[in-house]
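Chemist: here's a sequence, model it:
(one chain, ligands or ions: 1)
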Amino acid sequence: MFLVTGATGNVGAELVRALAESGERVRAVSRSGQAEGSPAGVEAVAGDLNRPETVRDALDGVRGLFLMPGYGGQRQILADARAAGVERVVLLSGRSAGTDDRDNAVAGYLIDAEDAVRASGLRWTSLRCTSFMSNALQLADQIREGDTVRVPFPDARTADVDPYDIARAALAALLSDDHADRVLELTGPQALLPADRVRILGEVLGRDLRTVGLSHDEARTELEAQMPKPYVDAFFGFFVDGTLDESVVLPTVEQVTGRPPRTFAQWARAHTDAF
Ligand SMILES: NC(=O)c1ccc[n+]([C@@H]2O[C@H](COP(=O)([O-])OP(=O)(O)OC[C@H]3O[C@@H](n4cnc5c(N)ncnc54)[C@H](OP(=O)(O)O)[C@@H]3O)[C@@H](O)[C@H]2O)c1
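Modeler: So this is what the prediction gives:
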């Protein structure tokens with residue numbers, strides 16, 4: 001039995017599917033406990049990662065745990081996992097965990113999460129991912145409304161990774177000890193600018209989309225309406241001050257999964273319904 005947290009999210013839903021297709025039993029945790037869209041046989045349960053007592057029973061009989069980073073209950077959940085006989089934990093992390101910059105709010109919570117899995121006594125694997133291709137879903141409302149797409153950080157070139165590939169790497173790390181006690185740095189196959197992704201989305205959707213880059217002031221105003229200021233500062237640190245280079249393309253996905261990482265065009269073709 002495998003326990004997948006964040007099970008209705010971009011990565012978790014792909015992992016639930018991948019485990020089920022591999023014939024594994026899966027328990028899928030989210031706060032909603034939503035089962036809709038899960039493959040047959042998947043056990044959907046409600047649990048809150050900020051309240052470890054709501055997750056404890058779901059650890060019963062589990063061999064491997066896929067853990068979302070940064071929730072208040074993570075150390076207790078890991079202690080409960082060890083007590084329940086869980087063997088392996090695979091953590092969803094990000095490239096900024098490698099910066100050691102605890103003053104950056106995003107890097108800080110990822111570094112804490114990595115510290116927690118390393119101290120857990122379980123065999124662990126940390127998936128340090130670049131930005132996710134699914135971040136393009138944030139453009140969906142604009143694309144439904146018109147052909148002009150306003151993007152923050154227009155000069156930030158990033159090798160975004162498809163959550164499908166993150167899930168395939170998680171699957172490999174959950175099913176064997178080949179990747180135990182290691183960090184896997186996962187990137188997509190191409191470093192693209194936001195305008196490149198908008199162009200590719202336009203090609204896939206048969207639309208003539210035009211990108212307008214937001215100024216830093218405009219981006220700050222828009223982002224502060226969506227998330228707490230320390231996180232906005234964190235993204236300015238990465239993409240404006242250049243504390244994180246996400247343009248690097250690494251071979252890890254292919255090494256771990258045996259298949260080349262998916263391109264942004266492949267991601268877009270699989271998600272046309274969202275636009
Ligand atoms: N986006 C990026 O570029 C990027 C890059 C590197 C790392 N990351 C990491 O990836 C994570 C997001 O992954 P994702 O995109 O796959 O997720 P997502 O699509 O945002 O979905 C979040 C999932 O977690 C569940 N969830 C949220 N709060 C919860 C709670 N308190 N207790 C239990 N479950 C909870 C949600 O379901 P309910 O709402 O029903 O609970 C949902 O299943 C973030 O933690 C981020 O640090 C993201």
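Chemist: spell out which parts of this protein neighbour the ligand.
Modeler: 5-12, 30-32, 47-50, 68-71, 92, 94, 129, 131-132, 134-135, 163 (Cβ under 6 Å from any ligand atom). For every residue, glycine as well, the C-beta is placed using N, CA and C.
Chemist: cutoff 5 Å now
Modeler: For the chain, the residues in contact with the ligand (Cβ under 5 Å from any ligand atom) are 6, 8-11, 30-32, 48-50, 94, 129, 131-132.
Chemist: could you pull out the strands in the stretch 1-150 of the chain for me?
Modeler: For the stretch 1-150 of the chain, applying DSSP state E, counting those that start in this stretch gives strands covering 2-5, 26-30, 43-46, 64-67, 88-94, 123-129, 148-151.
Chemist: mean neighbour count for those - can I get that in CSV?
Modeler: Formatted as CSV, the strands of the stretch 1-150 of the chain follow (neighbours: other Cβ atoms under 10 Å):
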stretch, mean neighbour count
strand 2-5, 27
strand 26-30, 25
strand 43-46, 16
strand 64-67, 28
strand 88-94, 27
strand 123-129, 24
strand 148-151, 18
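Chemist: columns mean pLDDT on top of those, output as a markdown table?
Modeler: Putting the strands of the stretch 1-150 of the chain into a markdown table (pLDDT from 0 to 100) gives the following:
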| stretch | mean pLDDT |
| --- | --- |
| strand 2-5 | 98 |
| strand 26-30 | 97 |
| strand 43-46 | 96 |
| strand 64-67 | 98 |
| strand 88-94 | 98 |
| strand 123-129 | 98 |
| strand 148-151 | 98 |
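Chemist: turn those into TSV, columns for distance to Leu184.
Modeler: Below are the strands of the stretch 1-150 of the chain laid out as TSV (distance: least, Cβ to Cβ, whole Å):
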stretch	distance to Leu184
strand 2-5	17
strand 26-30	21
strand 43-46	27
strand 64-67	13
strand 88-94	9
strand 123-129	5
strand 148-151	29
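Chemist: most proximal residue of the stretch 1-150 of the chain with respect to the ligand?
Modeler: Across the stretch 1-150 of the chain, the shortest distance to the ligand (Cβ to the nearest ligand atom) belongs to Gly9, at 2.4 Å.
Chemist: what's the neighbour count on that residue?
Modeler: Gly9: 17 surrounding residues under other Cβ atoms under 10 Å.
Chemist: any idea how far it is from Ser30?
Modeler: Using Cβ to Cβ, to the nearest Å, Gly9 is found at 8 Å from Ser30.
Chemist: show me which of the residues of the chain next to the ligand are buried.
Modeler: Gly6, Thr8, Gly9, Asn10, Val11, Ser30, Leu49, Gly94, Cys129, Ser131, Phe132 (16 or more other Cβ atoms under 10 Å).
Chemist: give me the neighbour count for Glu218.
Modeler: By the criterion of other Cβ under 10 Å, Glu218 has 13 neighbours.
Chemist: do the same with Gln34
Modeler: 14.
Chemist: could you find the closest non-adjacent residue to it?
Modeler: Thr8 (5.2 Å; Cβ to Cβ, 6 or more residues apart in numbering).
Chemist: check contacts around that neighbour.
Modeler: Ala28, Ser30, Ser32, Gln34, Gly37 (Cβ atoms under 8 Å, 6 or more residues apart in numbering).
Chemist: can you check Tyr231 too?
Modeler: Ala105, Val106, Leu223.
Chemist: how about a cut-off of 7 Å?
Modeler: Tyr231 makes contacts with Ala105, Val106, as judged by Cβ atoms under 7 Å, 6 or more residues apart in numbering.
Chemist: what's the spacing between Gln266 and Met133?
Modeler: Taking Cβ to Cβ, one finds Gln266 at 9 Å from Met133.
Chemist: looking at these two, which one has more neighbours?
Modeler: Ranked by neighbour count (other Cβ under 10 Å), Gln266 and Met133 place Met133 first, with 28 against 18.
Chemist: I appreciate the help and will end here.
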